[in-house]
Every structure is written in structure tokens, then in C-alpha cells.
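Q: structure here, sequence nowhere to be found:
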């Protein structure tokens, strides 16, 4: 009986640890030939914190235009046409920049794409997203973003997208 109870407690602890763990996306980013922004993106029901860590091997700063799109496996997507403010020192080498973004509510985030246009270049190290009813998720870039294309990750069909209510 004690052994059974101990096993039950151990399984319960393991389940809680796994359910509270944050998602980490560490595959290599890829280019997306096109991204069609969904029409439901005018809804502003949820607030997300998006934290960018710029690599110490990036350019000193960038004046490039940086856009963001992320979402879940169910078609809910948050799109920001321009994140940066060139005169504010955003995305400087070795820096961390935090944005509060309002958008439609999602289930677990499983994809993230960035779009950069300009001549300076930029090398994000990581992008972390926190939001309501989702586990924090971190996407590891650590590479210079190509110019003029959506570049990032889509893990929606890899079993990482689970509805969290």
C-alpha cells in the first residue's frame, strides 16, 4: 500500500513538472515563401509579452524594419507589422527588448516568424513569448535574419501544439 502510494505521488509530481514545463523550440529556423496574414487579427482579446534577446555577434544596432507573426495550430495568429523604433535603440547588440503585444487569444504557441527588411542586418538569439493560458515558449534563432522574407519556426505538426485552456 505504501509502495503504491509512493508510486502515485511520484507519477503525480512528474505529471505536474511536465505540465508546468515551458516549451523550447530549438530546431533550425527556415524561410517561409509567403505568409498570409489571417483576417481575424483585429481582435485584441489577449496580451502577450514578447522578449527578444539580440546576439552579441549581431550588428551594433539595426534600423531595419522588423515584423512578427506567431500563432497556434488552430489558426489563431498575432501579427505586428512593425516592432522596432529605429530611434529608440531597439535590437542593439547584446540587448534584451521586451514588448507588450495585444492580439487575439491563442492556444499553445507553436510557430513564430520574423520579417526583416533593411540594410543593417540583425541577429536575434532568442524570442520568448508569454501569454494567458499558454506555457512560455522560447524560439532559438542565433542566426542573422535574411532580408525580405519571413524566417522562423513552425512546430505545429510536431506534437507541440496542445490546447491549453
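A: Thanks, I have it. This one's a predicted model, so the numbers in the text were calculated from it and none came from an experiment. Numbering: from 1, shown residues only.
Q: CA only for contacts and neighbour counts going forward, please
A: OK.
Q: let me know the pLDDT of the closest residue to residue 76 other than its chain neighbours.
A: Closest residue to residue 76 in three dimensions, ignoring its sequence neighbours and counting by CA to CA, 6 or more residues apart in numbering: residue 106, at 5.5 Å. At residue 106, the pLDDT value in this model is 95.
Q: and the one 10 residues further on, by the same measure?
A: The predicted structure scores residue 116 at 96 on the pLDDT scale.
Q: from the contact counts, what lies against whichever helix or strand it is part of?
A: Take DSSP states H and E as the rule and residue 116 turns out to sit in strand 111-117. Helices and strands touching strand 111-117, by 3 or more CA pairs under 8 Å, 6 or more residues apart in numbering; DSSP states H and E, are strand 65-71, strand 150-154.
Q: so residue 139 sits against residue 128, correct?
A: Yes: Residue 139 sits in contact with residue 128 when judged by CA atoms under 8 Å, with a separation of 6.3 Å.
Q: quick one: which of those two has more around it?
A: More neighbours sit around residue 139 than around the other of residue 139 and residue 128, counting by other CA atoms under 10 Å; the figures are 25 against 19.
Q: need the helices for the protein, in chain order.
A: Secondary structure of the chain (DSSP state H): helices at 2-20.
Q: return the helix or strand in it with minimum mean pLDDT.
A: Lowest by mean pLDDT, DSSP states H and E among the helices and strands of the chain is helix 2-20, with a mean of 42.
Q: for the chain, which spans come out with low pLDDT?
A: The chain contains residues with pLDDT under 70 at 1-26, 34, 36-43, 158-165.
Q: residue 114 is in contact with residue 67, correct?
A: Yes: taking contacts as CA under 8 Å, residue 67 lies within contact range of residue 114: 5.6 Å.
Q: could you pull out the strands for this protein?
A: Using DSSP state E, the strands of the chain run over residues 23-25, 30-32, 46-54, 65-71, 77-80, 96-103, 111-117, 124-130, 137-140, 150-154.
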